[in-house]
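> Sequence first, predicted coordinates after that:
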Amino acid sequence: MSDQQSPTSEPRQASREPVVLRGISTRAWEHPADRGALVALRELRGFDIVLRKLSSLVSERALRLMFLGSAIRVDRHQYSRVHEAYLGVAATLDVEGDLPELYVTRNPDLGGMCIGIDKPLIVINSGSLDLLDETELRFLIAHELGHALSGHGLYRTLLMVLLRLTTSVAWIPVGVVGLRVITAALYEWSRKSELSADRAGTLAVQDPAAAIRVMAKMAGGGDLSDVDTAAFLEQAKEFETGGDMRDSFLKLMLLEQRSHDFSVARAASLKRWIDEGEYREYLAGDYPRRDEDSNASITEEAKAAAKSYRDVFETSGDPLAKLLRKLRDSF
């Protein structure tokens with residue numbers, strides 16, 4: 001990796017203790033599009049309770065037994081280094097209550113996952129321990145913890161239930177179109193929830209360069225000795241603005257069935273969020289608080305989500321977006 005300063009314009013901060021974000025709300029790291037959906041779904045009171053109870057009866061018990069029998073549960077006796085990192089990021093995010101159980105499973109790939117609803121589990125691939133340094137590993141753990149704290153598992157399940165309900169009209173041509181629209185929207189929300197978790201991880205480690213390195217390693221493997229993160233981020237600009245209309249439609253097709261955005265695009269999105277200043281405001285203590293969550297307005301969050309998409313459209317260098325802006329302006 002190049003010795004030049006990270007393009008996030010933030011120095012490495014692993015040498016100092018991170019700022020503890022007392023009482024921080026999950027709304028602080030949730031992407032506006034993700035947050036708008038979550039605030040609306042949280043108002044569907046009753047559905048979440050039913051799903052939690054149904055999940056805890058069978059499926060979550062089976063998941064826990066599977067990992068209890070085939071993976072290593074992290075605690076102070078097993079993978080103590082990982083356990084210490086887990087407690088550290090949880091303390092920085094000021095997590096209340098019991099933490100989700102954390103497991104390390106045999107998988108050479110870099111990655112992890114958060115699964116479950118009533119009692120989520122966090123699972124980290126063993127390859128992540130080999131490919132990531134200490135700060136990068138903390139970012140990955142905090143990313144998955146962010147998913148758990150935001151309740152993404154619960155609301156993903158709820159949306160999947162709603163999706164299955166729409167199959168009753170799939171035999172109607174209009175129903176098929178509607179089903180595809182709902183599916184596309186579900187995947188779009190899933191991709192935005194990943195951006196939320198990236199922000200949670202960054203707030204927990206407070207080292208943006210480490211977060212970008214994780215994205216680079218996800219894209220190209222664990223060895224960054226010959227990788228320049230500035231050049232890596234330049235790929236995102238080419239991905240967004242390069243080519244012509246054919247590339248615009250191809251990108252839409254490639255993303256339609258993806259639950260995660262491409263690593264290069266995720267890195268660029270994270271850098272954009274940091275550069276816009278919200279990250280620094282949060283570290284300075286100006287962030288949404290948990291005790292204010294009950295006052296969150298569906299209308300305001302919907303407006304924020306719409307604004308985020310509008311801002312992306314207005315600033316996008318994508319050929320299709322530029323054409324649409326020209327057509328709008330001409331009329």
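Sure thing, it's come through.
> What's the local residue count around residue 66?
By other Cβ atoms under 10 Å, 13 other residues sit near residue 66. In this view, the C-beta of every residue, glycine as well, is placed from N, C-alpha and C.
> so where does it fall, helix or strand?
helix 59-70 (DSSP states H and E).
> List the buried residues in that helix.
For helix 59-70, a neighbour-count test (16 or more other Cβ atoms under 10 Å) marks 60, 63, 64, 67 as buried.
> got a pLDDT number for the closest residue to the last one other than its chain neighbours?
This means residue 67. Once flanking residues are discounted, residue 67 sits nearest to residue 103: 4.6 Å by Cβ to Cβ, 6 or more residues apart in numbering. Note on residue 103: pLDDT of 97.
> Over to residue 287?
As predicted, residue 287 sits at a pLDDT of 95.
> ok, the residue nearest to residue 25 when sequence neighbours are not counted to residue 30 distance?
Distances taken as Cβ to Cβ, 6+ apart place residue 288 nearest to residue 25, at 4.2 Å, with adjacent residues excluded. According to Cβ to Cβ, to the nearest Å, residue 288 stands 9 Å off from residue 30.
> neighbour count winner among those two?
Between residue 288 and residue 30, counting by other Cβ under 10 Å, residue 30 is the more crowded of the two (27 against 19).
> Could you look up the SS state of the more buried one?
Here residue 30 is coil, with the state taken from DSSP: H, G, I helix; E, B strand; the rest coil.
> That one reaches residue 196, doesn't it?
Yes. Judged on Cβ atoms under 8 Å, residue 30 makes contact with residue 196 at a distance of 4.4 Å.
> joint contacts of those two?
Residues touching both residue 30 and residue 196 (Cβ atoms under 8 Å, 6 or more residues apart in numbering) are residue 150.
> quick one: buried residues of the longest helix seen in the chain?
When the chain is parsed with DSSP state H, its longest helix is helix 173-205. By 16+ other Cβ under 10 Å, the buried positions in helix 173-205 come out as 179, 186-205.
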